[in-house]
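Novice: just need the structure, nothing else, for what follows:
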Amino acid sequence: MSTTAFRLGSAFTIGAAVLAQAPALPAQDPRPSTSPGSIEDRLRALEEQVRIADVEREALRQEIAKKAGSDKAAKWSDKLSIRGYGQVRYTTLFDEDNTPNLNVPNDRSVNEAETLMLRRGRVILSGDVTDHLFVYAQMDFAGSNGAPDQTVQMRDFYADIAFDADKEFRLRPGVSKVPFGWVNMQSSQNRGPIERPDALNSAVEGERDFGAFFYWAPKATRELLRDLVRSGRKGSGDYGVIGFGPYSGQGLNRSDANGDVHWVARASYPFALESGQVVELGVQGYTGDFVTSTQAIGGITPVSDPDGVRDERYGVTAVWYPQPFGLEAEWVWGSGPTLATDGTRITSEYLQGGYVQASLLQKGESGTWFPFVRWNYFDGSRKFARNAPRNEVNEIDLGFEFSPWPEVEFTMMYTHTFWRTDTSAAPFGEARDDDRIGFQVQFNF
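Specialist: Reported below is the predicted structural model:
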């Protein structure tokens, strides 16, 4: 029906209704009335009402069309966010002539020949696709494939599948952090010290692996875990109160080597005291068989079980979140692949180690200060290195982090090495009584 026809029809209908209710004209006076309340005035008023109704109807139609078009354009990808951070680092060694054996596996800046380097260049894509599906992908533009050159590397690629409206029960398949060690799960974006302690990180170098982990935590606890990160109290993030599941066990971006998985389980609970102080206590453990890569040492290649060597650790965690004073400690025990002293075979040997850290969180007009001191100890082996050499570490770190703005952080850390094994190559020398200072700039976006 055309707009003109509609208007005429509307006017006729409304006019007919009004005429039906109007009082009859006197029969003795057939002339049309010119009084203010005449039929002509009423018709003109009704026509104006129809015109206004047409305008309002057209505006409503355009609004509905606009909304329909907006809904049609909205996609799940519009719900994703992009963020990230970068770390530029420089380390200077004291008395460099006496430090040829000083090697830190995850920090190549501890090297006489190294200068400025990009330690991390992370870009993260994440978001809720639906009420039951959350996706997370993280790439690193300062990754390594084992060579000194840097590459773009996949760090995380997983989905959280929620089984309830509050997302208290979740399944996380993909490449993600293995829930072992509070400090391993704490993002390097939030951590004060430049690198993680050896006893925890040697369990899962790179902190990640192919796996499928089940997590559970009450809604209120999940909010508390997120708030510990948002408030700057150096939280480890939301990895549930209970977490467990299988994972490859061979390390980040490495194919499985024995057709068997590792199993990990963790229970950790944060709670607030009456004073408001938040404390977190936890236990964790994993078990499996690890296949160590081997290489000839002096013409002899160590013998190792092709199906893997027993690899298992268990540990405890205690964290007193900085409010403003903070204290954290973790310790692990277990056994893992270790090169025998004669260099002929690889067997499962006892290990232990951990760290204790004290810190202070101070926020002022100039920015946020986070001074810390940490003792780092490990007596075990480095299973991810060729031939799994024994690794002994005893160090103390003293440093601070200063953040003038939320998007920029400066860190300086002095480290005294009482002793540390050089696990990079045979004959696996040892550094003793060495000193170094690391400087780092971090930018968040």
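
Novice: which of the residues in stretch 45-56 are buried?
Specialist: Neighbour-count burial for stretch 45-56 flags 46-47, 50 (criterion: 16 or more other Cβ atoms under 10 Å). Bear in mind the C-beta positions are built from the backbone N, C-alpha and C, glycine included.

Novice: which strands and helices sit next to the host helix or strand of residue 214?
Specialist: Element membership for residue 214 (DSSP states H and E) is strand 208-216. Packing partners of strand 208-216 (3 or more Cβ pairs under 8 Å, 6 or more residues apart in numbering; DSSP states H and E): strand 169-177, strand 242-247, strand 262-272.

Novice: report the angle between the shortest one and strand 262-272.
Specialist: Same thing as strand 242-247. Interaxial angle, strand 242-247 versus strand 262-272 (axes from the mean of the first three to the mean of the last three Cα atoms, to 10 degrees): 160 degrees.

Novice: and strand 242-247, average pLDDT?
Specialist: Strand 242-247 shows an average pLDDT of 98 in the prediction.

Novice: what does the first one give?
Specialist: pLDDT averaged over strand 169-177 equals 98, rounded to a whole number.

Novice: any idea which helix or strand comes after that strand?
Specialist: Counting by DSSP H and E, the next helix or strand C-terminal to strand 169-177 is helix 182-185.

Novice: next SSE downstream of that following helix?
Specialist: Next along the chain after helix 182-185, taking DSSP H and E as the criterion, comes helix 198-201.

Novice: that older thread, format the buried residues of stretch 45-56 as TSV; extra columns: distance to residue 346.
Specialist: Converted to TSV, those look like this (distance: Cβ to Cβ, whole Å):
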residue	distance to residue 346
46	97
47	97
50	92
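
Novice: wait, which of the residues you listed is closest to residue 257?
Specialist: The shortest approach to residue 257 among those belongs to residue 50, at 81.0 Å (Cβ to Cβ).

Novice: on contacts alone, who are the packing partners of the one helix or strand the closest one maps to?
Specialist: In this structure, residue 50 sits in helix 39-73 according to DSSP H and E. Secondary-structure packing of helix 39-73 (3+ Cβ pairs under 8 Å, 6+ apart): helix 3-21.

Novice: excluding its backbone neighbours, what's nearest residue 190?
Specialist: residue 234 (5.4 Å; Cβ to Cβ, 6 or more residues apart in numbering).

Novice: contacts only, for the residue nearest in space to the middle of the chain.
Specialist: In the chain, the residue lying closest to the centroid (Cα atoms, centre = their mean) is residue 187, at 6.6 Å. If you count contacts by Cβ atoms under 8 Å, 6 or more residues apart in numbering, residue 187 has them with 229, 236-237.

Novice: rewinding a little: helices or strands next to the helix or strand following the strand holding residue 214 in the packing?
Specialist: Going down the chain from strand 208-216, the next helix or strand is helix 219-230, by DSSP H and E. Secondary-structure packing of helix 219-230 (3+ Cβ pairs under 8 Å, 6+ apart): strand 262-272.
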